[in-house]
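S.K.: just to be clear, the model below is a prediction. Sequence and coordinates:
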Amino acid sequence: MSTITTHVLDTSVGLPAKGIHVQLFVLVHDTIWEEIAGGDTNTDGRVQNLLPESIKLEKGIYKMSYQTEAYFKSQNIQTFYPYINIVFTIENGSHYHIPLLLSPFGYSTYRGS
């Protein structure tokens, strides 16, 4: 399993959010972010193999960016959040799961397992 995984659920319809482009960044200096991975959510709302299993993320500050505007536009729904950035800290090489619970006018996240 990848060191980091994500799962997006659209709470407004109670289903996984398919087709959201997700990017993973690492903070390299002050406000400079470097993209290290990306992909689109599948029918289960997950990005398969965001990172190869062989890659272990080093201690640092990371950001997952979810491009939500296109997802809602495809359903003819207006959203207040065209994209959502979740910034978090990695302390060791263990597994990190970043779930996103999404609706057109709100979202929440937590560290999953």
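M.R.: All right, it came through fine. Numbering: from 1, shown residues only.
S.K.: can you get me the start-to-end distance on stretch 104-113?
M.R.: End-to-end span of stretch 104-113 (C-alpha to C-alpha, to the nearest Å): 25 Å.
S.K.: what ranges in this structure fall below the confidence cut-off?
M.R.: 1 (pLDDT under 70).
S.K.: ignoring the adjacent residues along the chain, who's closest to the residue nearest to the spatial centre of the chain?
M.R.: Centroid check for the chain by C-alpha atoms, centre = their mean gives residue 64 as the closest residue, at 4.5 Å. Sequence neighbours aside, residue 86 is the residue nearest to residue 64 in space, at 4.8 Å (criterion: C-beta to C-beta, 6 or more residues apart in numbering). C-beta coordinates here come from the backbone N, C-alpha and C atoms, glycine included.
S.K.: and the helix or strand encompassing the one you found, what does it pack onto?
M.R.: Under the criterion of DSSP states H and E, residue 86 resides in strand 84-90. On a contact count with 3 or more C-beta pairs under 8 Å, 6 or more residues apart in numbering; DSSP states H and E, strand 84-90 meets strand 60-67, strand 96-103.
S.K.: what's the last one packed up against?
M.R.: Meaning strand 96-103. Partner elements for strand 96-103 (3+ C-beta pairs under 8 Å, 6+ apart): strand 4-10, strand 60-67, strand 84-90, strand 106-109.
S.K.: what sits up against the last one?
M.R.: Put plainly, it is strand 106-109. Contacts with strand 106-109, where a contact means C-beta atoms under 8 Å, 6 or more residues apart in numbering, come from 80, 81, 84, 86, 98, 99, 100, 101.
S.K.: tell me who's in contact with residue 9.
M.R.: With contact taken as C-beta under 8 Å, 6+ apart, residue 9 is in contact with 15, 16, 17, 45, 99, 100, 101, 102.
S.K.: how far away is it from residue 59?
M.R.: Distance, residue 9 to residue 59, using C-beta to C-beta, to the nearest Å: 29 Å.
S.K.: before we move on, what about residue 28?
M.R.: Taken as C-beta to C-beta, the span from residue 28 to residue 59 is 13 Å.
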